[in-house]
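> Give the three-dimensional model of this entry:
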Amino acid sequence: STYDRCPFELVRCIKHILQSEQRLVQEATNASSGSGAQAMDTLSQRHQQINQAFEELRLATQETENELRKLQHNQEYFIIQYQENLRIQAQLTSLSSVPAAERTQREATLQSKRATVEAWLAREASTLQKYRLV
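Model (predicted):
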């Protein structure tokens, strides 16, 4: 029913299919002969090279994805520590309403914590900046 209106198109389509089939049979026949086998070996080697290149690219992409996830994790942890530093700063600011005896002890603890967090933040900020430039 597809070719009712144009039977010559059907003839042309079948002719093309038969020519393609004949070409494929001829290639397969040639491949089974001596020079054809050599051509198939060359083709097989080329396929192996392409497959190896794809595998290398896949591994490189996977490694890059892992590094990206690690960097994202590091940056998220940096943000958490930065927020912790802000929280410590706010606690230090709010110590003015605490009695003097308790304030000195808490202030010393918070100052120590703040110094540790700020030192870590400084180191990590330079490390993250270095990774961004690479």
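> Now do the helix or strand bottoming out on mean pLDDT in the chain: distance to the chain's middle.
Taking mean pLDDT, DSSP states H and E as the measure, the helix or strand of the chain with the lowest value is helix 7-32, at a mean of 83. Averaged C-alpha coordinates place helix 7-32 at 44 Å from its chain's average position (C-alpha atoms, centre = their mean, to the nearest Å).
> and the next element down the chain from that helix?
Next in sequence after helix 7-32, counting helices and strands by DSSP states H and E, comes helix 34-93.
> can you give me the angle that next one makes with helix 7-32?
Relative orientation of helix 34-93 with respect to helix 7-32: 100 degrees, computed using axes from the mean of the first three to the mean of the last three C-alpha atoms, to 10 degrees.
> Centre of the chain to helix 34-93, how far?
The chain centroid and the centroid of helix 34-93 are separated by 4 Å under C-alpha atoms, centre = their mean.
> which strands and helices sit next to that helix?
In this structure, helix 34-93 makes packing contacts with helix 7-32, helix 100-133, judged by 3 or more C-beta pairs under 8 Å, 6 or more residues apart in numbering; DSSP states H and E. Just so you know, the C-beta spots here come from the backbone N, C-alpha and C atoms, and that holds for glycine as well.
> any chance of these in CSV, with distance to residue 70 too?
What follows is these, written out as CSV (distance: least, C-beta to C-beta, whole Å):
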stretch, distance to residue 70
helix 7-32, 49
helix 100-133, 10
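> export those to JSON lines and tack on mean neighbour count and distance to residue 91?
Below are the helices and strands packed on helix 34-93 laid out as JSON lines (neighbours: other C-beta atoms under 10 Å; distance: least, C-beta to C-beta, whole Å):
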{"stretch": "helix 7-32", "mean neighbour count": "11", "distance to residue 91": "79"}
{"stretch": "helix 100-133", "mean neighbour count": "12", "distance to residue 91": "6"}
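> how about those, which one is nearest residue 62?
With respect to residue 62, and counting by C-beta to C-beta, the nearest of the helices and strands packed on helix 34-93 is helix 100-133 at 18.6 Å.
> could you give the angle of that closest one to helix 34-93?
With the same axes, to 10 degrees defining the directions, helix 100-133 sits at 160 degrees from helix 34-93.
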